[in-house]
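Enquirer: Give me the fold of what follows.
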Amino acid sequence: MIWKRLFSSQPRSEQAWPLYGVIVDQARNPILYRDYGIPDSLDGRFEAIVLHLVLVLRRLKREFPAGLDLAEALQEVFFTDMDRSLREMGAGDLGVGKRVKKMAEGFMGRLAAYEAALDAVAPRGTAELEAVLRRNALGTLPAGGGDAMALAGYVLAQEAVLEAQDGADLRAGSLTFAAPSVVPADD
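Expert: Numbers count the residues shown, from 1 in each chain. Okay, here's the model as predicted:
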């Protein structure tokens with residue numbers, strides 16, 4: 001079902017593109033890479049976009065049923081952008097579909113993992129969220145690289161800011177993230 005819509009000529013929602021633009025802008029914030037340790041690489045930037053996309057999707061899904069349609073459209077926009085990015089990097093037509101499919105599978109796995117970890121925060125603390133962040137957002141770093149604890153705090157702060165936003169504003173394409181905090185250096 002998603003594959004048919006993914007390769008259609010136009011995503012279903014005009015509101016999804018502005019939301020996606022805000023997600024990408026937030027995922028490009030240098031603090032995520034410099035202070036939290038997400039690798040400043042192609043893989044790291046993909047992970048940063050996915051992380052923010054998951055947070056917005058979680059918020060939209062709570063706006064049932066109107067938010068669900070926008071959440072699906074937002075995912076379509078993400079895959080459309082990944083397809084475009086691969087083509088801009090020189091991937092051939094035959095390889096793009098396979099790569100986007102692999103990205104989609106990776107995204108769906110991350111979506112499930114992040115949602116489960118975020119759902120576990122209230123009863124069990126941030127250990128599961130930190131583990132998922134280590135595996136994904138910080139996954140290409142050597143063991144212990146990055147600051148999973150600080151990144152988990154950032155994720156929870158973003159989730160709180162998103163939760164406080166009006167659903168009608170979100171559905172209209174208006175989205176705001178909190179500015180990331182600079183992680184204090186160890187003395």
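Enquirer: quick one, longest helix in this protein?
Expert: helix 93-124 (DSSP state H).
Enquirer: now it, how far from the centre of its chain.
Expert: Its chain's average C-alpha position is 9 Å from that of helix 93-124, according to CA atoms, centre = their mean, to the nearest Å.
Enquirer: Check stretch 146-163 too.
Expert: The mean C-alpha position of stretch 146-163 is separated from the chain mean by 12 Å, CA atoms, centre = their mean.
Enquirer: Give me the buried positions along it.
Expert: 146-148, 150-155, 158-159, 161-162 (16 or more other CB atoms under 10 Å). All C-beta atoms are positioned from the backbone trio N, CA, C, and that covers glycine.
Enquirer: What is the nearest of the residues you listed to Ser174?
Expert: Leu162 (11.8 Å; CB to CB).
Enquirer: quick one on the thing from earlier: could you pick out which of the buried residues of stretch 146-163 are located in strands?
Expert: Counting by DSSP state E, none of the members of the buried residues of stretch 146-163 fall within strands.
Enquirer: okay if I get the residues you listed as JSON lines plus pLDDT?
Expert: Below are these laid out as JSON lines (pLDDT from 0 to 100):
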{"residue": "Gly146", "pLDDT": "92"}
{"residue": "Asp147", "pLDDT": "95"}
{"residue": "Ala148", "pLDDT": "96"}
{"residue": "Ala150", "pLDDT": "95"}
{"residue": "Leu151", "pLDDT": "97"}
{"residue": "Ala152", "pLDDT": "97"}
{"residue": "Gly153", "pLDDT": "96"}
{"residue": "Tyr154", "pLDDT": "96"}
{"residue": "Val155", "pLDDT": "97"}
{"residue": "Gln158", "pLDDT": "96"}
{"residue": "Glu159", "pLDDT": "96"}
{"residue": "Val161", "pLDDT": "96"}
{"residue": "Leu162", "pLDDT": "96"}
